[in-house]
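*Asks:* prediction below, plus the sequence it came from.
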Amino acid sequence: MLAIFLPILILLSGCSNDPVQDDLLNYVNKEMKEAGKLERAAVSAYEGVSGTNYQDDQTMYDVLINDVIPNYNEFIKELDSVKIKTDEVREIHEIYIEGADIQFKAFAIIKQALEEQDANLIQKANDMLADARKHIRNYQTKLDKLAKEHDVDIEK
């Protein structure tokens with residue numbers, strides 16, 4: 001299922017004049033804080049009505065239009081407004097934005113599939129969710145690698 005991939009906290013392992021280290025600390029501790037809350041709200045709502053928690057189409061539809069899509073839309077806006085100073089962090093953040101955009105479009109397609117009762121659209125959305133997960137795993141891997149290279153510990 002979907003998982004929340006934003007690191008909760010970053011701790012400094014050493015002190016230096018490393019702009020990437022400073023940017024990473026600011027990125028995770030400040031810039032991504034609100035985005036993380038919005039993502040958790042959207043994903044938690046979706047997980048509550050999908051998979052083993054699925055009840056019926058109407059319940060899923062209502063949660064999508066009232067909780068998942070509005071929260072995820074705000075999450076995307078928050079991601080787009082993040083201030084990043086270094087190319088290294090920006091490159092990784094762009095991977096996250098790509099994955100989030102794919103996931104947001106998948107939620108919209110699930111909504112459409114429920115409206116039209118179209119199983120093919122559900123399959124398309126599921127494929128998109130799988131693609132989004134790949135992007136988000138790639139983001140997490142690269143973020144962890146960059147943090148390690150710049151003596152930053154990420155607590156999950």
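*Replies:* Structure received.

*Asks:* so the residue nearest in space to the middle of the chain is in which element?
*Replies:* Nearest residue to the geometric centre of the chain (C-alpha atoms, centre = their mean): A100, 5.1 Å. Counting by DSSP states H and E, the element that carries A100 is helix 87-116.

*Asks:* mind listing what's buried along that helix?
*Replies:* By neighbour count, with 16 or more other C-beta atoms under 10 Å as the criterion, the buried positions of helix 87-116 are 88-89, 92-93, 95-96, 98-100, 102-104, 106-111, 113-114. C-betas here are computed from N, CA, C, even on glycine.

*Asks:* would you list every one of the helices in the protein?
*Replies:* Using DSSP state H, the helices found in the chain span residues 19-26, 33-47, 57-63, 69-81, 87-116, 119-149.

*Asks:* neighbours around the nearest residue to T59 once chain neighbours are set aside, how many?
*Replies:* Distances taken as C-beta to C-beta, 6 or more residues apart in numbering put V49 closest to T59, at 5.6 Å, once the chain neighbours are dropped. V49 is flanked by 19 other residues according to other C-beta atoms under 10 Å.

*Asks:* check the one 4 residues further on too.
*Replies:* N53 is flanked by 12 other residues according to other C-beta under 10 Å.

*Asks:* now the nearest residue to it once chain neighbours are set aside: how far from A113?
*Replies:* With C-beta to C-beta, 6+ apart as the criterion, N53 has its nearest non-adjacent residue at 6.6 Å, and that residue is E47. Distance of E47 to A113, given as C-beta to C-beta, to the nearest Å: 18 Å.

*Asks:* give me the low-pLDDT residue ranges for this structure?
*Replies:* Within the chain, the ranges that satisfy pLDDT under 70 run 1-16, 156.

*Asks:* quick check: S50 vs E34, distance?
*Replies:* From S50 to E34 the distance is 25 Å (C-beta to C-beta).

*Asks:* these two: which is more packed in?
*Replies:* Counted by other C-beta under 10 Å, S50 and E34 do not tie: S50 has more neighbours, with 18 against 15.

*Asks:* got the buried residues for stretch 149-156?
*Replies:* For stretch 149-156, by 16+ other C-beta under 10 Å, it's H150, V152, I154.
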